[in-house]
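Trainee: Got a predicted structure here, sequence first:
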Amino acid sequence: MLKLQSFDSFQINQEKEWREIVSGLEGQNRYCVSSGDERLFVAVEKEGGIINRFVRVLLRSARPFEIELVDVKSNEGIIRIRRPFNLANKIVVETSLGVIIGSVEKRFSANHNIYIVNVIDDDICFSIEARLFSPRTFSIKGADGKICGAVVKEWGGVIKEALSDADCFNINLPADWNDNIKLLVLCSTFLIDFVHFENKLWR
């Protein structure tokens, strides 16, 4: 497991191949997660077989997925992020051995985009929210409702946003949060990317 307790900020950059950008075909999502100048891990969507490729092309950002987090130093997969094949926008985060760490689920709201984060072992529940008129900034709110961090989708400029759906996010959160809480915030960013920014013209 990664040791994240010394970090209070992260950057997530989606990596796209030129053949995806030129063809417009949906490929496997791939992200690099770093903090400052230090690369921590890569997140790679599992390809699967022919059926999975068909589902990816057909459902695009609404598709089910499994993303593996790979530790850059050891080159070992340490975390799995699963989005089931159902109507709910939800992910389950577990270790490579199948031990569930927690979950993130989008809840309905008329004027907010709200994600509820549940941490299993610590019995902690908090939210990540964005107002409809500020769709790029998701505030992290503790159980007491106070804002304690943010997930921000960076604007890449007119040309980059027009040519590619490769997204970049900056994350800030309390340094004293434990590894599992920080990990779930990181993983929630992948779901937020799929739901709000993948294949969206207004990105």
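Mentor: That came through fine.
Trainee: any idea where the helices of the chain begin and end?
Mentor: Applying DSSP state H to the chain gives helices spanning 18-23, 50-59, 158-163, 179-192.
Trainee: Give the buried residues for the last one.
Mentor: Going back to what we said before, that points to helix 179-192. 180-192 (16 or more other CB atoms under 10 Å). For every residue, glycine as well, the C-beta is placed using N, CA and C.
Trainee: Turn these into CSV, columns for pLDDT and distance to G149.
Mentor: Listed next are the buried residues of helix 179-192 as CSV, based on pLDDT from 0 to 100; distance: CB to CB, whole Å:
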residue, pLDDT, distance to G149
N180, 94, 15
I181, 95, 10
K182, 96, 10
L183, 96, 14
L184, 97, 12
V185, 97, 7
L186, 97, 12
C187, 98, 15
S188, 98, 11
T189, 98, 12
F190, 97, 17
L191, 97, 17
I192, 97, 14
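Trainee: Closest to Q5 out of the residues you listed?
Mentor: K182 (7.7 Å; CB to CB).
Trainee: what's the closest non-adjacent residue to that closest one?
Mentor: In space, and not counting its chain neighbours, K182 is closest to L4: 4.5 Å by CB to CB, 6 or more residues apart in numbering.
Trainee: count of residues packed around the one you found?
Mentor: The number of residues packed near L4 is 21, by other CB atoms under 10 Å.
Trainee: same thing with N75?
Mentor: Quick note: N75 (other CB under 10 Å) scores 9 neighbours.
Trainee: Off-centre distance for stretch 40-49?
Mentor: Centroid separation between stretch 40-49 and its chain, computed with CA atoms, centre = their mean, to the nearest Å, is 12 Å.
Trainee: So for that stretch, what gets flagged as buried?
Mentor: In terms of neighbour count (16+ other CB under 10 Å), stretch 40-49 has its buried residues at 40-45.
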